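J.: Compute the structure for the input listed below.
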Amino acid sequence: MEKKNQIQLEPKESKKKGLKKKYLVIFIFALILATIGIGYIFSRSNLSIQSSPSGSEVYLDSEFKGTTPCVIPFVIPGIHQIEFRHEKYPPWKKTITLSLGQTENINADLSDNLIPNVILVCKSKLSTADATEKGLDLKGWSSDCIYAQNEEIQLSGIAVRPHPEQNPNVHLSIKNIDQNTLFSTKEYDVRIDEDFTYGNTISSNGFPSGNYQITATIPSGQTSIVDFTIESPADTNIRILKQLVEDYHKTHTYSLSDMFVCGDMATDVWNMVKTQGINAVIYVGNVDKDITTIQEANHVWVMAETSPNEWLALETTGGFIACNNQQICSVNNPRYYNGWKFNNPLELKDALDKLKHPCSDGYILGNDNLCHQSCGGNTYCTGNSVCINGQCRGCSPGYYLGTDLRCYKA
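T.: From the prediction side, this is the model:
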């Protein structure tokens, strides 16, 4: 029985020793791994990254690492290139040197790379083609502006500047450049939005008609200047009339000095002026010399009322306006204000027809400017001749025409 018990104890003792060796190997392996891991961790560096604006993409040695704010762990010590990218800012780059086990804090302000600049424009009355020709792709905005009195002045622009928390505004200053002492310079501060745009609408109440200049300034000192015009109702009418007659002249050629041709041209322009809501009449006269009768007239033009009882002439055959104000009109000819006035094209047509055919039906205007009875078409009988069956019949001097249509000696 004792031998039997000894034989049973030997395997248990051997198994126990094997387990101890196994656990020892595992412990040693784990200790080695732990030592290596701790060494790996303490031999690396970390980056804690923030930016303004947040949401910027972060690249470390050209490899994307996330968007700010973020942490990049376990970075090999040494020299690295870090870059921030944002759609509204230029790239922000920096070379950094990391020490063993160091945690580097980086806070990048992407506005540091912005070049300060300011652009100012105002709402344009130019066509899209005109704006494109001027190099402006601003969807109807331009640097050429005309406003009627009491119309709102609409301004817009782009202001590239340091971060908005530091310099949030653009300063606007408006002055009159016509030396108008009744107008005091006006100042405005307009906030710049996050996308670098700004805009403002200014009432023109209290702005006398004239020329103005507005200056936009950002805190870094950069400026942008735009000129604009405030028009009185009369100024607006004058500008419209001047442009209208110039445009008409570009597409219509007056090659024949004929009163009836220029009458047709005056009729065209009269209709255009009335369509603009401006009062107009048609004049017949002579701009080269003084005349006393309408029969001496050789020209037709349009007179337009720019303001109550204030008129200027539209020379449709030459494409210019005429008046006694040299600041407005390049031509000053008082004969444009003298002539025979007609309120509409129908009245003009009747007058021209009478000039062309001044005699009643069946009569012809003779060389003596008198009306004579027609004798077959456009002929009439002169002297003592008479019209018989559409022919003029008469006798030589000293003879007379008898009832039998023969000539007899007087």
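J.: so how many other residues sit close to the residue nearest to residue 195 when sequence neighbours are not counted?
T.: Distances taken as Cβ to Cβ, 6 or more residues apart in numbering place residue 88 nearest to residue 195, at 6.5 Å, with adjacent residues excluded. To be clear about C-beta, it is placed using only N, CA and C from the backbone, and glycine gets the same treatment. By other Cβ atoms under 10 Å, 12 other residues sit near residue 88.
J.: List the contacts of residue 155.
T.: 120, 121, 122, 123, 172, 190, 199, 200, 201, 202, 214 (Cβ atoms under 8 Å, 6 or more residues apart in numbering).
J.: how about low-confidence regions in the stretch 251-400 of the chain?
T.: Low-confidence segments of the stretch 251-400 of the chain (pLDDT under 70): 256-258.
J.: now the strands: where do they sit in it?
T.: For the stretch 251-400 of the chain, the strands defined by DSSP state E, counting those that start in this stretch cover 280-285, 299-307, 310-315, 320-322, 340-342, 363-365, 371-373, 386-388, 391-393, 399-401.
J.: got the buried residues for the third one?
T.: Going back to what we said before, that points to strand 310-315. Using 16 or more other Cβ atoms under 10 Å as the test for burial, strand 310-315 gives 311, 312, 313, 314, 315.
J.: Quick check: beta-bridge partners of the last one?
T.: By that I understand residue 315. Residues in a beta bridge with residue 315, per DSSP bridges, are residue 320.
J.: That one reaches residue 323, doesn't it?
T.: No: under the criterion of Cβ atoms under 8 Å, residue 315 is not in contact with residue 323, lying 11.0 Å apart.
J.: Confirm residue 234 sits in a helix?
T.: Yes: residue state for residue 234 (DSSP: H, G, I helix; E, B strand; the rest coil) corresponds to a helix.
J.: Could you find the closest non-adjacent residue to it?
T.: Leaving aside its sequence neighbours, residue 234 sits nearest to residue 307 (Cβ to Cβ, 6+ apart; 3.9 Å).
J.: so that neighbour makes contact with residue 238?
T.: No: at 9.2 Å, residue 307 does not count as touching residue 238 under the criterion of Cβ under 8 Å.
J.: ok, residue 332 - how many residues close by?
T.: Residues lying near residue 332 (other Cβ under 10 Å) number 12.
J.: if I pick residue 168, what's in contact with it?
T.: Applying Cβ under 8 Å, 6+ apart to residue 168 gives the contacts 191, 192.
J.: I'd like the distance between it and residue 50.
T.: 21 Å (Cβ to Cβ, to the nearest Å).
J.: and what of residue 387?
T.: Counting by Cβ to Cβ, the gap from residue 387 to residue 50 is 113 Å.
J.: before we move on, back to that, closest one to residue 229 among the strands of the stretch 251-400 of the chain?
T.: strand 299-307 (16.1 Å; Cβ to Cβ).
J.: what's the distance between the closest one and the middle of its chain?
T.: Centroid displacement of strand 299-307 relative to its chain, using Cα atoms, centre = their mean, to the nearest Å, is 30 Å.
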